[in-house]
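> sequence and predicted model, in that order:
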Amino acid sequence: MGDFDAYERRMWQGKAAAFEASSGLLCAHTVPEVLAAAGIGPGVRVLDVGTGTGTAARAAVRLGAEVTAVDAEPSMVARAAEAVPEAAVRQAVLPELPFADGSFDAVVANFVLNHVGRPATALAELLRVLRPGGSVALTVWTSPRAAGQELISRALAAAGAVHPSGTPAGLAADEDFPRTEAGLGGLLSAAGFADAAARTLAWDHLADPEVWWSGLATGIGLAGSVLSAQPAPVAAEVRRRYDELAVGFRTPEGLLALPHTAVLGWAVRPA
């Protein structure tokens with residue numbers, strides 16, 4: 001396991017409840033588009049990779065699919081198994097899935113490639129477990145990021161927060177790819193998929209300011225890990241800057257309308 005993947009395992013350890021209450025609500029927005037792009041419906045054998053707390057798995061069950069779901073984090077697996085008892089949920093870590101070649105009609109992966117150190121190798125594994133003619137659909141956050149995605153990063157930077165030692169700088173240059181329609185489509189094609197396509201999704205995520213802050217405060221994601229490593233005065237300044245910057249996103253009802261963008265990609269395994 002590389003440094004990036006090892007950091008991801010530590011960062012998400014025990015975070016299922018905090019994720020579900022905060023950024024899990026954000027990630028749920030793209031689930032309908034992902035399932036539609038993968039052709040999920042009655043009787044389809046689908047694998048939900050990186051299921052988190054089971055949002056996509058639950059939606060696939062409601063569409064009549066036969067659902068298997070995996071996640072690398074034990075707390076996520078436990079929560080997903082509780083939330084979606086109709087699905088077969090187990091722990092598994094990309095790029096090594098415990099399934100035979102061609103086991104599934106479709107694979108979905110909602111915001112999973114953001115969390116693996118070898119995206120191309122991960123896609124090759126998704127290809128392996130698909131039957132010939134089977135479909136894959138997945139999402140990644142765009143780069144550059146939308147304004148709503150930058151709110152927390154801007155607050156950290158304005159407060160002078162410093163990344164703790166051991167924080168990975170990102171993927172190795174030979175593993176990274178453009179987080180654009182062309183970049184994701186090209187990565188799918190290079191991994192051996194056919195008929196790769198992609199489009200950009202854009203929406204405003206409505207969130208209570210305290211709920212959105214709670215994800216950061218409970219250590220969710222890279223930004224949460226950075227905040228948790230700060231001395232108390234710096235952490236307090238991050239909160240002050242967050243409140244200050246959040247004003248620009250407030251609705252008349254007092255919520256935050258946070259613009260987000262993601263790339264949805266889909267393709268098939270050649271027959």
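It's in. Numbering: from 1, shown residues only.
> show me the contacts for the residue nearest to Asp3 when sequence neighbours are not counted.
Once flanking residues are discounted, Asp3 sits nearest to Pro168: 5.6 Å by C-beta to C-beta, 6 or more residues apart in numbering. Heads up, the C-betas are built off the backbone N, CA and C, glycines and all. Contacts for Pro168 (C-beta atoms under 8 Å, 6 or more residues apart in numbering) come out as 3-4, 7.
> could you export these as CSV, including pLDDT, neighbour count and distance to Gln91?
Shown next, in CSV, are those (pLDDT from 0 to 100; neighbours: other C-beta atoms under 10 Å; distance: C-beta to C-beta, whole Å):
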residue, pLDDT, neighbour count, distance to Gln91
Asp3, 85, 13, 21
Phe4, 89, 17, 19
Tyr7, 87, 18, 18
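> need those in a markdown table (columns: distance to Pro209 and secondary structure).
A markdown table is the format used below for the contacts of Pro168 (distance: C-beta to C-beta, whole Å; DSSP: H, G, I helix; E, B strand; the rest coil):
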| residue | distance to Pro209 | secondary structure |
| --- | --- | --- |
| Asp3 | 34 | helix |
| Phe4 | 31 | helix |
| Tyr7 | 28 | helix |
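> so which of the residues you listed comes closest to Glu96?
Using C-beta to C-beta, Phe4 comes nearest to Glu96 of the contacts of Pro168, at 15.8 Å.
> return the distance of that closest one relative to Gly134.
28 Å (C-beta to C-beta, to the nearest Å).
> now swap in Val46 and tell me
As judged by C-beta to C-beta, Val46 and Gly134 stand 9 Å apart.
> again with Gly186
Look at Gly186 and Gly134: by C-beta to C-beta, they are 20 Å apart.
> quick one, helices of the chain?
Here the chain has its helices, by DSSP state H, at 3-11, 16-21, 23-27, 31-38, 55-62, 74-83, 119-129, 147-158, 181-190, 209-217, 221-228, 232-246.
> now the third one: mean pLDDT?
Right, the one you point to is helix 23-27. Mean pLDDT, computed over helix 23-27, is 95.
> that one packs against which elements?
strand 194-207 (3 or more C-beta pairs under 8 Å, 6 or more residues apart in numbering; DSSP states H and E).
> from the chain's centroid, how far away is the strand it packs on?
13 Å (C-alpha atoms, centre = their mean, to the nearest Å).
> hang on, Trp141 packs against Phe111?
Yes - here Trp141 reaches Phe111: they are 6.9 Å apart, a contact under C-beta atoms under 8 Å.
> more neighbours: which of the two?
Phe111 (19 against 16; other C-beta atoms under 10 Å).
> and the residue nearest the centre of this structure?
Phe111 (2.5 Å; C-alpha atoms, centre = their mean).
> quick check: that residue vs Ala197, distance?
18 Å.
> any weak-confidence spans in the chain?
Residues of the chain meeting the criterion pLDDT under 70: 1.
> repeat the analysis, applying 90 as the threshold.
By pLDDT under 90, the weakly predicted segments of the chain are 1-4, 6-8, 11, 163-174, 216, 219-222.
> farthest from the middle of it: give me that residue.
Pro233 (30.9 Å).
> for that one, list the residues it contacts.
With contact set as C-beta under 8 Å, 6+ apart, Pro233 has no partners.
> next, count neighbours for Ala137.
24.
> what sits opposite it in the beta ladder?
Val108, Trp266 (DSSP bridges).
> OK, contacts around it?
Applying C-beta under 8 Å, 6+ apart to Ala137 gives the contacts 34-35, 37-38, 106-109, 264-266.
> how does it look with 7 Å?
With contacts defined as C-beta atoms under 7 Å, 6 or more residues apart in numbering, Ala137 is in contact with 34, 37-38, 108, 264, 266.
> from Gly186, how far out is it?
Counting by C-beta to C-beta, the gap from Ala137 to Gly186 is 16 Å.
> likewise for Val247?
From Val247 to Gly186 the distance is 39 Å (C-beta to C-beta).
> so if I had to pick from the two, which one is more boxed in?
Neighbours were counted for Val247 and for Gly186 using other C-beta under 10 Å; Gly186 has more, 16 against 9.
> for that one, which non-adjacent residue is closest in space?
Phe177 (7.2 Å).
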